[in-house]
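Engineer: how does the following fold in three dimensions:
(one chain, ligands or ions: 2)
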Amino acid sequence: MAKNKSARVLTTATASLDLDDYPVGRYERIDRYAPEVTEAIQQHVREILRWLGEDPDREGLQRTPERVALAFQYLTQGYHQDPRAILESALFEEDYSEMILVRDIQIYSLCEHHLLPFFGKAHVAYIPNRKIVGLSKIPRVVDVFARRLQVQERLTIQIRDALEEVLQPLGVAVVIEAQHLCMMMRGVEKQHAVTTTSAMSGEFLKEATRAEFMRLINGG
Ligand SMILES: Nc1nc2c(ncn2[C@@H]2O[C@H](COP(=O)(O)OP(=O)(O)OP(=O)(O)O)[C@@H](O)[C@H]2O)c(=O)[nH]1
Ligand SMILES: [Zn+2]
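Structural biologist: Ligands and ions are numbered 1, 2, ... in the order given. Below is the predicted model of the structure:
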């Protein structure tokens, strides 16, 4: 009941269909929301609106608490996802031992201090040690960690460590370039500041490999 209600809310943007009418998979994540969590968050958002001086019962805001509750569950769904299982679902034996780089992976995350978005690009590379992983699993793992409350540094390290643990490769490199709305629309209000973080292991600790990676992510 409440599950269907949630699904209907989120699908109205594309079509007025119930979750059941959609191909399996497209809304699989929405299906995962717990109705009691949605309900509890909704009540608090109503209170926040009131404390901000708004009238939560005016027309435009009537369904806002529910929308916010769903949006925050969506944006933090990574807590319920297992990066190890994702990587293990597509591991292959292969005699390839050059660098594999997936570059320009878009990320959207939430800063844990202000619950405001930070967004940008992640570049992830590894050098396999007989095990390679399905390429799409790399952005999926990036999302698992990005869809949580984060600081950019921890996000970077968690991606590296997940790949390291499951693939046991010769090395992993992760670079994230991001802009933080908490530094743009409030606080210091710097519109062009981009933060770059990196986490390396194994072969990437060597200057030559690291330099090749840096050259490749800069389009060289
Ligand atoms: N290291 C790091 N800091 C972050 C990240 N996201 C936000 N921050 C910072 O977290 C800090 C929190 O500092 P506080 O002084 O407690 O918070 P604040 O008073 O809101 O600080 P201002 O943003 O400077 O107004 C700020 O300096 C933010 O810029 C991140 O991913 N990594
Ligand atoms: Zn912040």
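
Engineer: Glu66 and Gln42 touch, don't they?
Structural biologist: Yes: Glu66 is in contact with Gln42 according to C-beta atoms under 8 Å; the separation is 5.3 Å. C-beta coordinates here come from the backbone N, C-alpha and C atoms, glycine included.

Engineer: span of stretch 105-119 from start to end?
Structural biologist: 11 Å (C-alpha to C-alpha, to the nearest Å).

Engineer: average pLDDT for that stretch, rounded please.
Structural biologist: Throughout stretch 105-119, pLDDT has a mean value of 98.

Engineer: also stretch 123-136?
Structural biologist: 98.

Engineer: for it, list the C-alpha coordinates in CSV.
Structural biologist: C-alpha atoms of stretch 123-136 as CSV (Å, rounded to 0.1, in the frame of the first residue of the first chain):
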residue,chain,number,x,y,z
HIS,A,123,38.3,8.8,-12.5
VAL,A,124,39.0,5.2,-11.5
ALA,A,125,41.9,3.1,-12.8
TYR,A,126,43.3,-0.3,-11.8
ILE,A,127,46.0,-2.7,-13.1
PRO,A,128,44.6,-6.2,-12.9
ASN,A,129,46.3,-9.2,-11.4
ARG,A,130,44.5,-11.8,-13.6
LYS,A,131,41.1,-10.7,-12.4
ILE,A,132,39.1,-8.0,-14.3
VAL,A,133,35.7,-6.7,-13.5
GLY,A,134,32.8,-5.7,-15.7
LEU,A,135,33.3,-2.1,-16.6
SER,A,136,29.9,-0.9,-15.6
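
Engineer: residues near the residue of the chain found nearest ligand 2, how many?
Structural biologist: Closest residue of the chain to ligand 2, C-beta to the ion: Cys182 (2.8 Å). Cys182: 16 surrounding residues under other C-beta atoms under 10 Å.

Engineer: for the helix or strand where it lies, packing partners?
Structural biologist: Here Cys182 sits within helix 181-184, counting by DSSP states H and E. On a contact count with 3 or more C-beta pairs under 8 Å, 6 or more residues apart in numbering; DSSP states H and E, helix 181-184 meets strand 117-127.

Engineer: for the residue of the chain found nearest ligand 1, give me phi and psi.
Structural biologist: Of the residues in the chain, the one nearest ligand 1 is Gly187, at a distance of 3.1 Å by C-beta to the nearest ligand atom. Dihedral pair for Gly187: phi 60, psi -130, per degrees, to the nearest 10.

Engineer: that one: neighbouring residues, count only.
Structural biologist: 13.

Engineer: what sits against Val174?
Structural biologist: 122-125, 156-157, 159-160, 163, 198-200 (C-beta atoms under 8 Å, 6 or more residues apart in numbering).
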